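> fold the following and give me the result.
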Amino acid sequence: MKEIELIGKRAKDASRKLAVLGTNDKNSALEEMASLLKSSEDKIMKANERDIKKAKGKKRSSSFLDRLTITSAGFKGMVDSILRISELPDPVGEVIKMWKRPNGLEIRKVRVPIGVIGIIYEARPNVSVDAGCLCIKSGNCVILRGGADAINSNLALVDVLNKAAVSAGIPGGSLQLVENTSHAAVDALLRLDKYVALIIPRGGENLIRAVTERSTIPVIKHYKGICHVYVDSSADLKIAREVCFNAKVQRPGVCNAMETMLVHKKVAKRFLKPMLDRFKSAGVEIRGCPETRKIVPRAGRAAEKDWGTEYLDLVLSVKVVSNIEEAIEHINTYGSSHSDAIITTGLDSAKKFSNEVDSACVYVNASTRFTDGGEFGFGAEMGISTDKFHARGPMGLEELTTYKYVVYGNGQIRQ
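Residues are numbered from 1 along each chain as shown. Next up is the predicted model:
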């Protein structure tokens, strides 16, 4: 599609200028973007209300509506995140490592922007702000392609951010939204390897899989979050109750919410009944293994497919395990390498779990809900990578850079 190719070309042209823009200039632009966004709250909220109305008319799920909705607190969070990003160190130009060779050559490994990044996402209008601002601070141009359900919100947000950015000296074309919400537009974007260096998809499993299969551009996957909390035999059960409840109930429709709770058989009888009673009072549907159902007969039966399901809702799979080895094996078999936690007072158990669980984020005595760029001190995030190459976990400024080698000499030639 010609319109998509023009977006790619504009971004590529702008990327050369943005890559060398100074830190102060980028920070000033971010501050201007935060200021104009703050003063445009009424405009943004009205646009979001139109999206919500349409989504309700389509009978979208409550978890979907939660992700689509910009609350007053959420709006303030977007503004605050821009300012936090402006205050973070600029990774561009950082000398990662430097050494001198016997022949006198001085070699420097230096951080540089990736170039042009495309991000494809669904009903999360805050991603427009997070991705746009992280990319500008890291010297990258960004092409945003949000879902049709959030088009009014995204149009309003990107219009405001662009006006502020360009007026503050950011090259035009650095921040662009693909307004065409058709599948054909996505396919065209995924073939822009002449202009785009990286694609980051955020959304459901079907979206991630489709993007990965069709893209001619390298993809970093923000894959599904099948997150576990394992309650060990030595767990402080008071901590376990609070962490498990938070991980499931605080915001069930997000990728870092707990989907499966594993409980050691030695504490299962003491822990499960009061824990599942509390979940029941919060409206959580329980799908348990046979041992779980012996202790709490009212629990539903967990099928094999439940262990690999990302519910994104008030549904929880529960399994009683014989030991920590079985818990780790279950997580590495059914998990998505996102975020997993152990509740334990045993140092050996904590070490074993953190060493052997193959996930981007592993927690000891804390909720999986902390897997988030803002909570990690990154200001915001482009996504949470479940891949192992280049970036893993919440993607902040450093993860949006690559590096090059700058070599200083004084006339050396190779013999």
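
> residues near K2, how many?
As a burial measure, K2 scores 7 neighbours (other Cβ atoms under 10 Å). Where you see a C-beta, it was placed from the backbone N, CA and C, and this is true even at glycine.

> state the distance from it to G8.
Using Cβ to Cβ, to the nearest Å, K2 is found at 11 Å from G8.

> repeat that for Q176.
9 Å.

> send the alpha carbons of stretch 80-98 over as PDB?
Extracted in PDB, the C-alpha atoms of stretch 80-98 (Å, rounded to 0.1, in the frame of the first residue of the first chain):
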ATOM      1  CA  ASP A  80       3.700  11.600  34.600                       C
ATOM      2  CA  SER A  81       5.400   8.800  32.600                       C
ATOM      3  CA  ILE A  82       6.500  11.300  29.900                       C
ATOM      4  CA  LEU A  83       8.100  13.400  32.500                       C
ATOM      5  CA  ARG A  84       9.800  10.400  34.100                       C
ATOM      6  CA  ILE A  85      11.200   9.400  30.800                       C
ATOM      7  CA  SER A  86      12.600  12.900  30.300                       C
ATOM      8  CA  GLU A  87      14.400  12.600  33.600                       C
ATOM      9  CA  LEU A  88      16.100   9.300  32.800                       C
ATOM     10  CA  PRO A  89      19.600   9.100  31.500                       C
ATOM     11  CA  ASP A  90      19.900   9.100  27.700                       C
ATOM     12  CA  PRO A  91      21.300   5.800  26.600                       C
ATOM     13  CA  VAL A  92      22.400   7.100  23.200                       C
ATOM     14  CA  GLY A  93      26.100   7.600  23.000                       C
ATOM     15  CA  GLU A  94      26.900   5.700  26.100                       C
ATOM     16  CA  VAL A  95      30.200   3.800  25.900                       C
ATOM     17  CA  ILE A  96      29.300   0.300  27.000                       C
ATOM     18  CA  LYS A  97      32.900  -0.900  27.000                       C
ATOM     19  CA  MET A  98      36.300   0.400  25.900                       C
END
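
> how about the helices of this protein, start to end?
2-18, 23-39, 41-57, 62-68, 72-87, 126-137, 151-167, 183-189, 205-214, 237-249, 265-281, 290-295, 324-334, 347-356 (DSSP state H).

> list the contacts of the second one.
Read it as helix 23-39. 44, 78-79, 82-83, 85-87, 90, 92, 129, 133, 136-137, 139, 157, 160-161, 163-165, 167-170 (Cβ atoms under 8 Å, 6 or more residues apart in numbering).

> chain center to it, what's the gap?
Relative to its chain's centre, helix 23-39 lies at 23 Å (Cα atoms, centre = their mean, to the nearest Å).

> in that helix, what counts as buried?
Within helix 23-39, the residues scored as buried using 16 or more other Cβ atoms under 10 Å are K26, N27, A29, L30, E31, E32, M33, A34, L36, L37, K38.

> could I get those as a markdown table with pLDDT and distance to T71?
Shown next, in a markdown table, are these (pLDDT from 0 to 100; distance: Cβ to Cβ, whole Å):
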| residue | pLDDT | distance to T71 |
| --- | --- | --- |
| K26 | 98 | 29 |
| N27 | 98 | 27 |
| A29 | 98 | 26 |
| L30 | 98 | 23 |
| E31 | 98 | 24 |
| E32 | 98 | 24 |
| M33 | 98 | 20 |
| A34 | 98 | 18 |
| L36 | 98 | 20 |
| L37 | 98 | 15 |
| K38 | 97 | 15 |
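
> closest to F389 out of those?
K26 (27.1 Å; Cβ to Cβ).

> mind listing the strands for the stretch 301-415 of the chain?
All strands of the stretch 301-415 of the chain, identified by DSSP state E, counting those that start in this stretch, fall at 315-321, 339-343, 361-364, 384-385, 393-394, 401-408.

> just these: most buried one?
strand 339-343 (a mean of 30; mean count of other Cβ atoms under 10 Å).

> okay, angle between that one and helix 265-281 too, please.
Between the axes of strand 339-343 and helix 265-281, defined by axes from the mean of the first three to the mean of the last three Cα atoms, to 10 degrees, the angle is 120 degrees.

> so how many other residues sit close to P290?
P290: 10 neighbours (other Cβ under 10 Å).

> tell me how far it lies from V318.
Distance from P290 to V318, by Cβ to Cβ: 11 Å.

> one more: V20?
Distance of V20 to V318, given as Cβ to Cβ: 54 Å.

> so how far is C244 from the nearest residue to A247 once chain neighbours are set aside?
Spatial nearest neighbour of A247, excluding adjacent residues (Cβ to Cβ, 6 or more residues apart in numbering): M258 at 3.7 Å. Going from M258 to C244 by Cβ to Cβ gives 7 Å.
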